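In: Test case, fold it:
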Amino acid sequence: KAMLLLKKKRYQEQLLDKTENQISNLERMVQDIEFTQIEMKVIEGLKIGNECLNKMHQVMSIEEVERIIGETQDAVEYQRQIDEILAGSLTEEDEDAILEELNTITQEQMELPEVPSEPLPEKIPEASPVKNRPKPELVAAS
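Out: Below you'll find the predicted structure:
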């Protein structure tokens, strides 16, 4: 009877080991399936991204991009030239012309208003009335 019980115990241990192996295999399969689903989503995202890039390439040609970059560089160069002029990098001729214009302006006779000949009224100190200052209003920030 003891031998029979030991055989039964051994059989149940083997069944338990097989069941644990099967559960382990099932868990691994579930993990593999989940990982494959994630991979499929990544591939799908890459596919959509590739389609978007192709559509953008159809809309914008390389020549168009080069033209825009060229125009931008021209505009930057033009702005740099304007900045140099405004910063005072004037030629000698420009400075001579500016000095001549200044001399012409300073030599012109300007008509000024006449100064009044009457004496100014004297200031009479008055009792200073209480000033009512308006209360500042609260304004909501926008």
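In: and the next element down the chain from the one helix or strand M29 maps to?
Out: Here M29, judged by DSSP states H and E, is contained in helix 2-59. Downstream of helix 2-59, the first helix or strand assigned by DSSP H and E is helix 62-86.
In: what about the protein, any weak spots by pLDDT?
Out: Counting by pLDDT under 70, the chain has low-confidence residues at 88-90, 109-110, 125-142.
In: Show me this structure divided up by domain.
Out: 1-60, 61-100 (the TED database).
In: Can you list the buried residues in the shortest one?
Out: Of the residues in domain 61-100, none is buried by neighbour count under the rule 16 or more other CB atoms under 10 Å. Every residue, glycine included, has its C-beta placed from N, CA and C.
In: so how far is that domain from its chain's centroid?
Out: Using CA atoms, centre = their mean, to the nearest Å, the mean C-alpha position of domain 61-100 is found 27 Å from that of the whole chain.
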